[in-house]
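Enquirer: Below is the sequence, then the predicted model.
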Amino acid sequence: MNNPDVEIDNLLVLSLGSNLGDRKQTIEKAYQLLEQAIGKILKKSSFIETKPWGFTSENFFINTVACYSTKLSCEEALRKIHEIEFILGRKRSNEVGYQSRTIDIDILFYNEEVIETKDLVVPHPLLHKRDFVLLPLKEVLPDFIHPVLRQKIKDIKIS
């Protein structure tokens with residue numbers, strides 16, 4: 001973010017996607033709930049529409065990236081995110097693989113930290129392989145340096 005006029009507690013960067021129901025309305029509601037539960041929204045990308053990634057569905061996704069300032073730890077933020085996904089109709093199944101969903105919220109970055117636990121990997125390990133994440137991310141954080149790849153977001157190529 002590197003804006004000296006904006007005081008940030010912890011930078012939390014999220015990817016949001018929806019391919020069921022009123023996709024845009026669901027994401028707009030997610031923005032609101034996240035701001036109430038996690039912290040002030042700093043920036044959000046425009047919406048992009050994309051084909052499903054990793055599975056087949058006739059329903060295209062609306063995707064976006066949003067940056068928040070939060071006082072929460074990354075683990076606390078993840079718990080809040082799961083609560084919000086549930087409120088917005090996300091049904092998690094034990095099936096292997098990806099499925100259509102009303103909302104999917106992934107943590108892309110938490111500051112410049114690298115976190116690897118059984119429940120959480122940050123930065124998101126697949127963000128550089130997904131154009132539906134990388135394109136909106138380039139819109140909101142082009143000069144942010146990926147802490148693992150050691151490249152500015154704007155310089156990362158889809159792999």
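Expert: Yep, that arrived. Everything quoted here is computed from the prediction, not taken from an experiment.
Enquirer: Surely residue 60 and residue 19 touch.
Expert: Yes: with contact defined as CB atoms under 8 Å, residue 60 reaches residue 19; the gap is 6.3 Å. The C-beta positions use only the backbone N, C-alpha and C, and glycine is treated the same way.
Enquirer: pLDDT averaged over stretch 45-53 - what is it?
Expert: Here the mean pLDDT over stretch 45-53 is 88, rounded to a whole number.
Enquirer: What residues of that stretch count as buried?
Expert: Neighbour-count burial for stretch 45-53, with 16 or more other CB atoms under 10 Å as criterion, is recorded at 45, 47, 48, 50, 52.
Enquirer: which of the residues you listed lies closest to residue 70?
Expert: residue 45 (18.2 Å; CB to CB).
Enquirer: what about the strands in this structure?
Expert: Read by DSSP state E, the chain holds these strands, from start to end of the chain: 10-18, 39-44, 48-50, 61-70, 104-110, 115-116, 121-122.
Enquirer: May I see those organised as CSV, with distance to residue 33 added?
Expert: Supplementary listing: the strands of the chain in CSV, determined by distance: least, CB to CB, whole Å:
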stretch, distance to residue 33
strand 10-18, 11
strand 39-44, 11
strand 48-50, 21
strand 61-70, 12
strand 104-110, 10
strand 115-116, 23
strand 121-122, 21
